[in-house]
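> Turn this into a model:
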Amino acid sequence: MARRRWVILATTATLPLASCTDDAVSVGLPATTAPVAETRATTAATPTTTPSTDSVPDLGAIRLRLTTVATLDSPIAIVTRAGTSDLYVAEREGTVVRLIENGERLEVAGTVIDLTDSVGDLDGERGLLGLAFAPDGSNLYVNYTDSGDDGSSVIASFPMTGDTADIDGRREILRVKQPYPNHNGGNLTFGPDGYLWIGFGDGGSQDDPHGNGQNPAALLGKMLRLDVANPPEGAPYAVPADNPFVGEDDKRTEIWMTGLRNPWRYAFDRLTGDLWVADVGGSEWEEIDLLPAADGTGRGANLGWQIREGSHDTGTEGHAADLVDPIFEYSHDEGSSITGGYVYRGSAIPDLRGVYLFSDFTVPTLRGLTVRNGALHQEAVLSTSGAELSQVVSFGEDSEGELYVVCLSGDIVRIEGTTPPTG
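The predicted model follows:
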């Protein structure tokens with residue numbers, strides 16, 4: 001396939017928004033086909049251990065090497081699958097490919113699924129946007145926009161047969177109407193609780209014109225948490241009994257957190273169970289939110305949009321109490337479209353352990369931050385050599401906890417230390 005460039009992921013100044021202000025656009029959210037069924041209550045994420053707060057890495061002393069290990073067509077997300085060290089990459093046009101090691105490089109071993117006919121239109125920020133495997137690797141879950149349904153966001157699963165997904169076994173989990181072609185979210189991940197976590201943006205345009213972020217009756221502008229492993233008969237999912245709005249009228253019980261603008265990549269710390277959310281800002285501020293496992297991993301949390309952008313009031317009326325403050329934010333003097341990553345928990349780069357890595361689509365440096373006693377300890381642009389980053393759209397974590405950077409311009413880049421690990 002020919003290489004395609006993508007308009008800047010969520011940068012409001014350069015998106016083609018002129019056509020997104022048509023008053024005739026329908027913005028209603030239809031009810032899903034799933035009943036509000038409840039499953040057993042579980043803790044959202046239980047830490048396996050508590051890391052020491054006495055050994056926080058010095059970001060200024062870290063030296064990293066970036067190595068390009070594969071080049072694909074508009075890669076947009078990368079994940080692992082239980083039982084294998086292979087990596088699986090979603091390409092924005094609609095394909096998922098499997099990568100295997102070939103010396104120092106990764107090579108395409110085959111196509112896992114091809115959804116290009118369903119994805120179709122790549123206008124704005126549409127496309128195949130995210131993927132995840134069930135915890136046991138038995139099913140592939142994807143998040144894409146459907147060109148046959150005016151760009152609606154679709155979450156669907158496919159059973160795996162060997163190394164490929166059975167397209168005839170498709171099961172639609174959720175379908176949500178999108179009023180505009182931007183702020184679709186797109187990430188998928190299974191939490192330590194075994195549930196599927198889905199992050200949706202506010203529906204697009206600018207300044208959340210339909211008030212989705214603070215509307216508990218809308219799925220847009222939210223983090224959802226679904227039980228897709230134990231659905232009632234005839235339903236695509238169940239709602240966990242401990243979701244915060246279960247039993248409340250006029251609120252969608254699928255919702256776990258509210259007040260998101262466009263969560264462009266979020267991830268659980270594999271050591272602690274803490275949830276890190278990078279939320280793309282509007283005209284001024286990009287933010288990172290930390291939802292500790294010890295505090296309930298953000299159960300019922302309100303991240304503030306559109307009352308606040310980061311920690312800054314927008315002038316929008318609303319209940320401003322009990323909003324979650326970001327652990328870190330930066331202005332558009334430093335970048336304008338944050339891309340979230342992971343806390344490094346691998347073994348190849350000891351100096352990097354415990355550092356949360358992230359970047360920005362428009363200013364593609366590798367950045368890191370550390371937290372101590374629940375507060376920001378240090379943040380810096382990390383020193384790197386080797387490959388240059390471009391259009392950073394995702395990070396990926398392999399089965400050993402080593403990290404990769406995904407560039408929409410084509411490259412998959414491995415993060416390495418500059419010296420071999422000792423001990």
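
> what stretches of this structure score poorly on pLDDT?
By pLDDT under 70, the low-scoring segments of the chain are 1-54, 320, 419-423.

> Nearest spatial neighbour of the spatially most central residue of it, chain-adjacent residues omitted?
Centre of the chain computed as the mean C-alpha position; nearest residue by C-alpha atoms, centre = their mean is Arg265, 2.5 Å away. Once flanking residues are discounted, Arg265 sits nearest to Gly340: 3.6 Å by C-beta to C-beta, 6 or more residues apart in numbering. All C-beta atoms are positioned from the backbone trio N, CA, C, and that covers glycine.

> who touches that neighbour in this structure?
Residues near Gly340 by C-beta atoms under 8 Å, 6 or more residues apart in numbering: 263-267, 276-278, 288, 358, 395.

> quick one: it from Ala132, how far?
Distance of Gly340 to Ala132, computed by C-beta to C-beta, to the nearest Å: 15 Å.

> swap in Asp168?
Taking C-beta to C-beta, one finds Asp168 at 21 Å from Ala132.

> Compare these two and say which is more crowded by neighbours.
Looking at Asp168 and Ala132 with other C-beta atoms under 10 Å, you find the greater number of neighbours at Ala132, namely 24 against 7.

> ok so that one is a strand residue?
Yes. With DSSP: H, G, I helix; E, B strand; the rest coil as the criterion, Ala132 is part of a strand.

> Tell me which residues touch it, please.
Ala132 neighbours (C-beta under 8 Å, 6+ apart): 79, 140-141, 188-190, 196.

> One more: Arg261?
183, 201-202, 208, 213, 221, 279-282, 305-306, 309.

> what's the closest non-adjacent residue to it?
Trp305 (4.2 Å).

> Now do the same contact list for that neighbour.
202, 208, 213-214, 221, 259-261, 279.

> Could you give the bridge partners of the closest residue to Asp411 other than its chain neighbours?
Closest residue to Asp411 apart from its sequence neighbours, by C-beta to C-beta, 6+ apart: Thr68 at 4.9 Å. Note on Thr68: beta-bridge partners by DSSP bridges are Val413.

> what sits against Thr68?
Per C-beta under 8 Å, 6+ apart, neighbours of Thr68: 387, 411-414.

> Buried among the contacts of Arg261? Need that as a selection in PyMOL.
A single PyMOL command selects the buried members of the contacts of Arg261 (16 or more other C-beta atoms under 10 Å):
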select buried, resi 183+201+202+208+213+221+279+280+281+282+305+306+309
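
> got a markdown table for the contacts of Arg261, with distance to Leu376 too?
Converted to a markdown table, the contacts of Arg261 look like this (distance: C-beta to C-beta, whole Å):
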| residue | distance to Leu376 |
| --- | --- |
| His183 | 26 |
| Gly201 | 25 |
| Asp202 | 26 |
| Asp208 | 27 |
| Gly213 | 24 |
| Gly221 | 25 |
| Asp279 | 16 |
| Val280 | 19 |
| Gly281 | 17 |
| Gly282 | 22 |
| Trp305 | 20 |
| Gln306 | 24 |
| Glu309 | 18 |
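
> From the contacts of Arg261, which land in strands?
Counting by DSSP state E, those place 279, 309 in strands.

> Between the contacts of Arg261, which sits nearest Val405?
Val280 (17.5 Å; C-beta to C-beta).

> Return the distance of that closest one relative to Ile167.
32 Å.

> quick one, what contacts the residue nearest to Ser383 when sequence neighbours are not counted?
Excluding its sequence neighbours, the residue lying closest to Ser383 (C-beta to C-beta, 6+ apart) is Arg63, at 5.2 Å. By C-beta under 8 Å, 6+ apart, Arg63 lies in contact with 383-385, 417-419.

> Of all pairs in these, which one is the farthest apart?
By the measure C-beta to C-beta, those have their two most distant members at Thr384 and Thr419, which lie 14.1 Å apart.

> So for these two, which residue has more residues nearby?
Taking other C-beta under 10 Å, Thr384 and Thr419 do not tie; Thr384 has more neighbours (19 against 11).

> wait, is Ala294 part of a strand?
No. Using three-state DSSP, the assignment for Ala294 is helix, not a strand.

> follow-up on the earlier one: nearest to Thr116 among the contacts of Arg63?
Closest to Thr116, out of all of these and judged by C-beta to C-beta, is Thr384, at 34.0 Å.

> gap between the residue lying closest to that closest one once chain neighbours are set aside and Arg270?
Spatial nearest neighbour of Thr384, chain neighbours left out: Leu64 (4.8 Å); criterion: C-beta to C-beta, 6+ apart. From Leu64 over to Arg270 the distance is 20 Å, taken as C-beta to C-beta.

> the more surrounded of these two?
Leu64 (20 against 16).

> Looks like the more buried one contacts Thr418 (just checking).
Yes. Using C-beta atoms under 8 Å, Leu64 makes contact with Thr418 at a distance of 6.6 Å.

> Common neighbours of these two, please.
In contact with both Leu64 and Thr418: Ser385, using C-beta under 8 Å, 6+ apart.

> one step back: ok, which pair from the contacts of Trp305 is furthest apart?
Gln214 and Asp279 (14.2 Å).

> show me where the protein has helices.
116-119 (DSSP state H).
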